[in-house]
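*Asks:* I'll drop the sequence and a predicted model, then ask my questions.
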Amino acid sequence: MVEFRFNVRMVRPLVMGMSEVANLLGQHHYAVRLDWGPAGARATAADVSVVVDVLSFSTSVCIAVERGMRVYPYPWEGARAEAFAREHDAVLAVGRLEATTSPTVPAPSLSPACLLQCAPASRLVLPSPNGSTIAAALGESGSRVAAGCLRNAGAVAEWLAVRLDRGDSVSVIAAGERWDDDDSLRPALEDHLGAGAILASLARRGYRRSMSPEALAAVDLFQAVQGSLVERMSECVSARELAGKDFRSDVEAAVALNASKAVPVLIDGSFGPAGRHGDVATPHRNV
């Protein structure tokens, strides 16, 4: 018979406690993190979180806030969203197709291009199964939540730099899309590039050493394709889907890099401009 001796010293390094695993998965050794979807948002919970859903939630929020609207994110459409809008004395954003049937000025909708042209609503409920869901979950966790996209990448980075200087941790969450057959996460190029644009702007401000490898990879991706950003964005799966439905103008609105100075921050359930409740985006020194 072969005698088996269990050597605890050999096994112990392979056994990790739950907190150690959580720290690894959550990239908590780094001040600046990147992950995907609702599960990634929970894993990388930080003092400040940026939701990036370029086509189209975060781009729509950016445009709406820039035009003076307060935006209430909501995960569902239909009767629930209608009741939620009535409860908050807000206008419910219609679907893209509904907005195009408006005879004159389009009604506020999920379309970024429409939100650039519509009559502004003081309060707007914006349903979204991805970006809204992530924003609501992060808000409930106690994280300060902002909406980021290509349009406001530089402005968001400027705002984040102030928070990092205060000692806050930062998590950038690429929303991604969902597969129809099993509702699992589908990573989306537009969100990887949107997250990369924000993180690249932070890296230029001297925060590269604070970033996780995942965040740095997004920086590298964005820098590699920045010269052909419009082409890459126009040909990605989500953009071709929108173009096939005659919403190419939404892609054009979304790809306008640094066109906006708006930094939408979630406060008391709605997105408004940074600058309230201590969220002041003051000029940052060149590091």
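*Replies:* Everything's here; your move. Keep in mind it's a predicted model, so treat the numbers as computed, not measured.

*Asks:* can you list the weak-confidence ranges in the stretch 1-150 of the chain?
*Replies:* Along the stretch 1-150 of the chain, the model assigns pLDDT under 70 to residues 1-22, 24, 97-105.

*Asks:* So which residues of it form helices?
*Replies:* Assigned by DSSP state H, counting those that start in this stretch, the helices in the stretch 1-150 of the chain fall at 8-11, 18-25, 37-43, 57-66, 79-87, 96-100, 112-117, 131-141.

*Asks:* for the stretch 151-287 of the chain, same thing?
*Replies:* Using DSSP H, counting those that start in this stretch, helices in the stretch 151-287 of the chain cover 153-165, 189-202, 213-225, 229-235, 237-244, 248-254.

*Asks:* C-alpha coordinates for the first one, PDB please?
*Replies:* Only the C-alpha atoms of helix 153-165 are listed here, as PDB (Å, rounded to 0.1, in the frame of the first residue of the first chain):
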ATOM      1  CA  ALA A 153     -14.700  61.400 -22.600                       C
ATOM      2  CA  GLY A 154     -12.300  64.200 -21.800                       C
ATOM      3  CA  ALA A 155     -14.800  66.000 -19.500                       C
ATOM      4  CA  VAL A 156     -15.400  62.800 -17.600                       C
ATOM      5  CA  ALA A 157     -11.700  62.200 -17.300                       C
ATOM      6  CA  GLU A 158     -11.200  65.700 -15.900                       C
ATOM      7  CA  TRP A 159     -14.000  65.100 -13.300                       C
ATOM      8  CA  LEU A 160     -12.500  61.700 -12.400                       C
ATOM      9  CA  ALA A 161      -9.000  63.200 -11.900                       C
ATOM     10  CA  VAL A 162     -10.400  65.400  -9.200                       C
ATOM     11  CA  ARG A 163     -11.900  62.400  -7.400                       C
ATOM     12  CA  LEU A 164      -8.700  60.400  -7.800                       C
ATOM     13  CA  ASP A 165      -6.700  63.300  -6.200                       C
END
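
*Asks:* Check which helices and strands that helix sits against.
*Replies:* Helices and strands touching helix 153-165, by 3 or more Cβ pairs under 8 Å, 6 or more residues apart in numbering; DSSP states H and E, are strand 48-52, strand 144-148, strand 170-174, helix 189-202. For the C-beta atoms, the positions are set from N, CA and C on the backbone; glycine is no exception.

*Asks:* Can you give me the buried ones in the last one?
*Replies:* In other words, helix 189-202. 189-202 (16 or more other Cβ atoms under 10 Å).

*Asks:* Kindly report the same for stretch 64-80.
*Replies:* Ala64, Val65, Glu66, Arg67, Met69, Arg70, Val71, Tyr72, Pro73, Tyr74, Pro75, Glu77.

*Asks:* of those, closest to Ser169?
*Replies:* Here the nearest of the buried residues of stretch 64-80 to Ser169, counting by Cβ to Cβ, is Pro73; it sits at 22.4 Å.

*Asks:* if I pick that closest one, what's in contact with it?
*Replies:* By Cβ atoms under 8 Å, 6 or more residues apart in numbering, the residues touching Pro73 are Phe57, Val61, Leu126, Ser128, Gly131, Ser132, Ala135, Ala136, Leu266, Ser270, Phe271.

*Asks:* low-confidence ranges in the stretch 151-287 of the chain?
*Replies:* 276-287.

*Asks:* can the helices and strands packed on helix 153-165 go into a markdown table with extra columns for distance to Val251?
*Replies:* As requested, the helices and strands packed on helix 153-165 are exported to a markdown table (distance: least, Cβ to Cβ, whole Å):
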| stretch | distance to Val251 |
| --- | --- |
| strand 48-52 | 16 |
| strand 144-148 | 17 |
| strand 170-174 | 17 |
| helix 189-202 | 9 |
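
*Asks:* Tell me which of those lies nearest to Gly275.
*Replies:* Comparing those by Cβ to Cβ, strand 144-148 comes nearest, at 12.1 Å.

*Asks:* Extract the C-alpha trace of that closest one and format it as PDB.
*Replies:* Coordinates of each C-alpha in strand 144-148 appear next as PDB, following Å, rounded to 0.1, in the frame of the first residue of the first chain:
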ATOM      1  CA  ARG A 144     -21.100  57.900  -7.100                       C
ATOM      2  CA  VAL A 145     -22.300  57.200 -10.700                       C
ATOM      3  CA  ALA A 146     -21.600  59.200 -13.900                       C
ATOM      4  CA  ALA A 147     -22.500  58.500 -17.500                       C
ATOM      5  CA  GLY A 148     -19.600  58.500 -19.900                       C
END
